[in-house]
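Q: predicted model and sequence follow; I will ask about them next.
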Amino acid sequence: MGEPRHDFRLIRFLAHHALTGVMIALVVVYLLVKLDLFGFGTLVESSRHGPLALVLLFAGLAATFASLAMGTAVFLLPKDEDRWR
């Protein structure tokens, strides 16, 4: 008998939605800096540790938005009602 074949559809599904959340985080950080919302762009440009602040902000938002996108996608999956009868 051969090796069992693995089905990676769910992994691909979750990775796609996680990447969507990361891209949203990238856009949010970009807009915060470019539009100078709350003076954040000026603060980052004038600070010696500006790049570190951007990396930390992006990492936190990326983890948050990726989790939200994956959780929403899982909850919106179609349900098999006949399976429980």
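A: Arrived safely. Quantities reported herein were computed from a predicted structural model and do not represent experimental measurements.
Q: distance from the chain centre to the lowest-mean-pLDDT helix or strand in the chain, please.
A: In the chain, no helix or strand scores lower on mean pLDDT, DSSP states H and E than helix 40-46, which sits at a mean of 94. Mean-position distance between helix 40-46 and its chain equals 24 Å (CA atoms, centre = their mean, to the nearest Å).
Q: begin at 308 from here
A: Understood, numbering begins at 308; the last thing we discussed is helix 347-353.
Q: which strands and helices sit next to the next helix or strand after that helix?
A: Sequence order places helix 357-382 as the next helix or strand after helix 347-353, per DSSP states H and E. If you count contacts as 3 or more CB pairs under 8 Å, 6 or more residues apart in numbering; DSSP states H and E, helix 357-382 packs onto helix 316-341, helix 347-353. Yep, even glycine has a C-beta here, placed from its N, CA and C like the rest.
Q: just the angle between helix 357-382 and helix 316-341, please?
A: Angle between the axes of helix 357-382 and helix 316-341 is 140 degrees (criterion: axes from the mean of the first three to the mean of the last three CA atoms, to 10 degrees).
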